[in-house]
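Colleague: take a look and give me a structure for this.
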Amino acid sequence: METRAQFSSKLGFVMAAAGSAIGVGNIWGFPTQAASNGGGAFLLVYLLFIFLLGYPMLVAEITIGRHGQASPFRALQGLTANPAGKAIAGLVGLAAVVTVSLIFTFYAIVSGWFVAYALEPLARMAGADASADWLTGFSDSRNLVFTLLFALLSLCVVSRGLEKGIERWSRRLMPLLLVMLVLLTGYMLLQPGAGTGLQAYLVPDFSRVFHGEVLIGALGQSFFSLSLGAAVMMLYGSYLSRQASIPALAAQVTLLDTGVAFLAGLLILPAMYVAQHNGVAIFAEDGSLLSSDTLVFSVLPALFETMGQARYLVAFAFFVLMIVAALTSAISMLEAPVSLAMESTGLSRIKATWLMTGLCTLISAVIVFNFGSLFGLVITLTTQYAQPLVSLGITLYAGWVWQRSQVLAELKAGNPGLEQGLFWKIWPWYVRLVCPVLVLVVIIQSVGG
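Modeller: Coordinates of the predicted model:
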């Protein structure tokens, strides 16, 4: 068995873990949720829940991963010597890897659309209108071609390994993502109508803070924002040096992830009001958001069309931003099944990566050709049911099964004075008593929704 790979630096870990967490959910999901649920009120509650649920759970997942030095399947089994406990832990770990692999299958399809939409303005500028129409038109051929292309992009990164692939590319892509997000936001805020969007986003209507849909929406978004219950944070934890302080690094990942979500809101909400100012319909008569599911592919392209000569450059830059965000998440999703395949079969990284990418992309192709019946179903099964249930299992193992002395020993490895600090006085009982309740609320809402 080869020596387990490690991140070469703390910065490499933070960039990779934050890159995994920062995906389409932050740049598309969070702003549309905010727009649908009271703007500033949603933002306020979301920030609260990120630190009430997101951060404590993130610490738990990274700590389990580093302790196990293995894929989630083996890492969770290592928390108990009880045979029945081991078997259940293995099922939870396996469910996490299967879930994230299935998330990759539809994520690759959506990310393929971003690639197509990024190429569309280039085709228009070249006068190839028929190609441009094909790029933005919904067809099996377009969906299949760009799903395969995006899957190959992910494969290229993951096949090169942890340090030369995932870490190196995360350190390149994350700064690029931040620079593009800041530049696009700056441009959008200078457009007429942006001020109204800025006010809707940053000025909370305190009467809406305690509305059920705002509270539940923000809780769910805070949970999914950090890729919880999807194997990847535990897996990245297993690549982390024992000299690193997990609470400190988890805080950095949480802050970076939340900062990007906040910035994305500064871009998307003003963009919606700029679109409205330019004559694009955004809200229905009852005040609900139109096309919240397809905002990125309907409202924003309509907005770009109203921007005169700048429209091609702005459209291209926006969709490249989405590709970068999608890729940093997709490589972590693919790494989970690849790691399990290497661990359980002894395959080389190259062979395991091709095998798992092939299997996932085959499922993606089946979804493409049965889009109407399968696309929404796979999203619902993975994100609404499996991910929260897996997370509940992880929380129960972290809080109730894993011995407190072992947890402390693992955390103290990178932070010798931890036992005397406030973190250790709060976190163990909090993960045991509060986190399962909050995750249960997410599950009940997901099933009920």
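Colleague: how much space separates L119 from I367?
Modeller: Distance of L119 to I367, given as CB to CB, to the nearest Å: 22 Å. C-betas here are computed from N, CA, C, even on glycine.
Colleague: neighbour-wise, which of the two wins?
Modeller: Here L119 and I367 are compared on neighbour count by other CB atoms under 10 Å; more neighbours surround I367, at 23 against 18.
Colleague: my read: the more buried one touches I379, true?
Modeller: No: proximity of I367 to I379 does not meet the contact threshold set by CB atoms under 8 Å, at 9.8 Å.
Colleague: identify the contacts common to those two.
Modeller: Counting by CB atoms under 8 Å, 6 or more residues apart in numbering, the contacts common to I367 and I379 are F106.
Colleague: any idea which helix or strand in this protein has the lowest mean pLDDT?
Modeller: Using mean pLDDT, DSSP states H and E, the weakest-scoring helix or strand in the chain turns out to be helix 24, at a mean of 80.
Colleague: downstream neighbour of that helix in the secondary structure list?
Modeller: For helix 24, the succeeding helix or strand toward the C-terminus, using DSSP states H and E, is helix 30-36.
Colleague: what's the mean pLDDT across that following helix?
Modeller: The average of the pLDDT scores along helix 30-36 is 84.
Colleague: OK, contacts around I50?
Modeller: Taking CB under 8 Å, 6+ apart as the definition, contacts of I50 comprise 222, 225-226, 254, 258.
Colleague: among those residues, which ones are in strands?
Modeller: Judged by DSSP state E, the subset of the contacts of I50 located in strands is empty.
Colleague: just the buried ones out of those residues, please.
Modeller: 222, 225-226, 254, 258 (16 or more other CB atoms under 10 Å).
Colleague: now do the contacts for the residue lying closest to L43 once chain neighbours are set aside.
Modeller: If you skip the residues right next to it in sequence, L43 has A34 as its closest partner in space, 5.8 Å away by CB to CB, 6 or more residues apart in numbering. Taking CB under 8 Å, 6+ apart as the criterion, A34 is in contact with 42-43, 46, 201, 265, 269.
Colleague: do you know how far A34 is from P204?
Modeller: Applying CB to CB, one obtains 11 Å for the distance of A34 from P204.
Colleague: shared neighbours, these two?
Modeller: A shared contact of A34 and P204, defined by CB under 8 Å, 6+ apart, is any residue touching both; here these are L43.
Colleague: got phi/psi on the spatially most distant residue from the centre of the chain?
Modeller: The outermost residue of the chain, judged by C-alpha distance from the chain's mean C-alpha position using CA atoms, centre = their mean, is G127 at 36.1 Å. G127 adopts backbone torsions of phi 80, psi 10, taken as degrees, to the nearest 10.
Colleague: show me the shaky parts of this protein.
Modeller: Screening the chain residue by residue with the criterion pLDDT under 70, one finds the ranges 1-3, 287-294, 448-449.
Colleague: and the helices in the stretch 51-200 of the chain, which stretches?
Modeller: Under the criterion DSSP state H, counting those that start in this stretch, helices of the stretch 51-200 of the chain are mapped to 55-68, 72-77, 83-125, 129-136, 140-158, 168-189, 194-202.
Colleague: from the contact counts, what lies against the last one?
Modeller: Think helix 194-202. Based on contacts counted as 3 or more CB pairs under 8 Å, 6 or more residues apart in numbering; DSSP states H and E, the elements that helix 194-202 packs against are helix 40-49, helix 246-277.
Colleague: correct me, but W28 touches A326?
Modeller: No: distance between W28 and A326: 9.8 Å, which falls outside the contact criterion (CB under 8 Å).
Colleague: circling back: residues contacting the residue farthest from the centre of the chain?
Modeller: Counting by CB under 8 Å, 6+ apart, there are no residues that G127 touches.
Colleague: for it, give its distance to L135.
Modeller: As defined by CB to CB, G127 lies at a distance of 14 Å from L135.
Colleague: try V92
Modeller: Look at V92 and L135: by CB to CB, they are 41 Å apart.
Colleague: same check, this time on A41
Modeller: Per CB to CB, A41 is found 38 Å from L135.
Colleague: what of L392?
Modeller: In this structure, L392 lies at 41 Å from L135, with CB to CB as the measure.
Colleague: higher neighbour count, the two?
Modeller: When L392 and L135 are compared for neighbours, L135 comes out ahead with 23 against 18, by other CB under 10 Å.
Colleague: what segments of the stretch 301-449 of the chain are helices?
Modeller: 311-345, 349-369, 371-379, 387-396, 404-412, 422-448.
Colleague: now render the ones you listed as a markdown table, adding distance to S141.
Modeller: Compiled in a markdown table, those are given as follows (distance: least, CB to CB, whole Å):
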| stretch | distance to S141 |
| --- | --- |
| helix 311-345 | 19 |
| helix 349-369 | 9 |
| helix 371-379 | 13 |
| helix 387-396 | 31 |
| helix 404-412 | 50 |
| helix 422-448 | 34 |
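Colleague: so which of these is the most surrounded?
Modeller: Using mean count of other CB atoms under 10 Å, the stretch among those with the greatest mean number of neighbours is helix 387-396 (a mean of 24).
Colleague: which other helices and strands contact that one?
Modeller: When contacts are defined as 3+ CB pairs under 8 Å, 6+ apart, helix 387-396 sits against helix 55-68, helix 83-125, helix 212-225, helix 422-448.
Colleague: export the first one to CSV, keeping only CA atoms.
Modeller: Extracted in CSV, the C-alpha atoms of helix 55-68 (Å, rounded to 0.1, in the frame of the first residue of the first chain):
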residue,chain,number,x,y,z
TYR,A,55,-18.6,25.2,10.9
PRO,A,56,-19.1,22.6,13.7
MET,A,57,-20.0,19.9,11.2
LEU,A,58,-17.0,20.8,9.0
VAL,A,59,-14.7,20.4,11.9
ALA,A,60,-16.2,16.9,12.6
GLU,A,61,-15.8,15.7,9.0
ILE,A,62,-12.2,16.9,8.7
THR,A,63,-11.3,15.4,12.1
ILE,A,64,-12.8,12.0,11.2
GLY,A,65,-10.9,12.0,7.9
ARG,A,66,-7.6,12.9,9.3
HIS,A,67,-7.9,10.3,12.1
GLY,A,68,-8.8,7.6,9.6
